[in-house]
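> Sequence below, structure please.
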Amino acid sequence: MTGLSTILIVVGLFLVGGIISFVKQKMPRSLIVLLSIAAAMCLVAGVMRLEVWS
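All right, here's what the predicted structure looks like:
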């Protein structure tokens, strides 16, 4: 596991926590969707960079 993949996964999980918080606060749906896309991209990028795949 490299440093960048670790950072991407941690940021993605942080954004998932933000999504949960924003849903509980009843924030606008567009903001939640944008945050969801960013979280998914971070998590996928972090997982794809893991050295397990190569």
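> Flag every buried residue along the longest helix anywhere in the chain.
Looking across the chain with DSSP state H, the single longest helix is helix 3-24. Residues of helix 3-24 classed as buried: S5, L8, I9, V11, G12, L15, V16, G18, I19, F22 (neighbour count, 16 or more other Cβ atoms under 10 Å). C-beta here means a position set from N, CA and C on the backbone, and glycine is covered the same way.
> so which two of those residues are the farthest from each other?
Using Cβ to Cβ, the two most remote members of the buried residues of helix 3-24 are S5 and F22, lying 25.8 Å apart.
> Out of the buried residues of helix 3-24, the closest to V52 would be?
S5 (9.9 Å).
> give the contact list for G18.
Contact analysis of G18 by Cβ atoms under 8 Å, 6 or more residues apart in numbering lists L35, A39.
> before we move on, what about S5?
Taking Cβ under 8 Å, 6+ apart as the test, what S5 contacts is G46, V47, R49, L50.
> Now name the helix or strand holding the first one.
With elements taken from DSSP states H and E, the one containing G46 is helix 29-48.
> helices and strands around that helix, which ones?
helix 3-24 (3 or more Cβ pairs under 8 Å, 6 or more residues apart in numbering; DSSP states H and E).
> for the helix it packs on, what is the average pLDDT?
What helix 3-24 shows for mean pLDDT is 95.
> re the thing from before, determine the angle, from 0 to 180 degrees, between the helix holding G46 and helix 3-24.
Calculated by axes from the mean of the first three to the mean of the last three Cα atoms, to 10 degrees, helix 29-48 forms an angle of 160 degrees with helix 3-24.
> export helix 29-48 as CSV, just CAs?
Extracted C-alpha coordinates of helix 29-48, given in CSV (Å, rounded to 0.1, in the frame of the first residue of the first chain):
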residue,chain,number,x,y,z
ARG,A,29,-29.5,17.1,-2.9
SER,A,30,-27.2,18.6,-5.5
LEU,A,31,-24.5,19.2,-2.9
ILE,A,32,-24.9,15.6,-1.6
VAL,A,33,-24.7,14.2,-5.1
LEU,A,34,-21.5,16.2,-5.8
LEU,A,35,-19.9,15.0,-2.6
SER,A,36,-20.9,11.4,-3.4
ILE,A,37,-19.2,11.6,-6.8
ALA,A,38,-16.1,13.0,-5.2
ALA,A,39,-16.0,10.3,-2.5
ALA,A,40,-16.6,7.6,-5.1
MET,A,41,-13.7,8.9,-7.3
CYS,A,42,-11.3,9.1,-4.3
LEU,A,43,-12.2,5.6,-3.1
VAL,A,44,-11.9,4.1,-6.6
ALA,A,45,-8.7,5.8,-7.3
GLY,A,46,-7.2,4.7,-4.0
VAL,A,47,-8.3,1.1,-4.5
MET,A,48,-7.0,1.0,-8.1
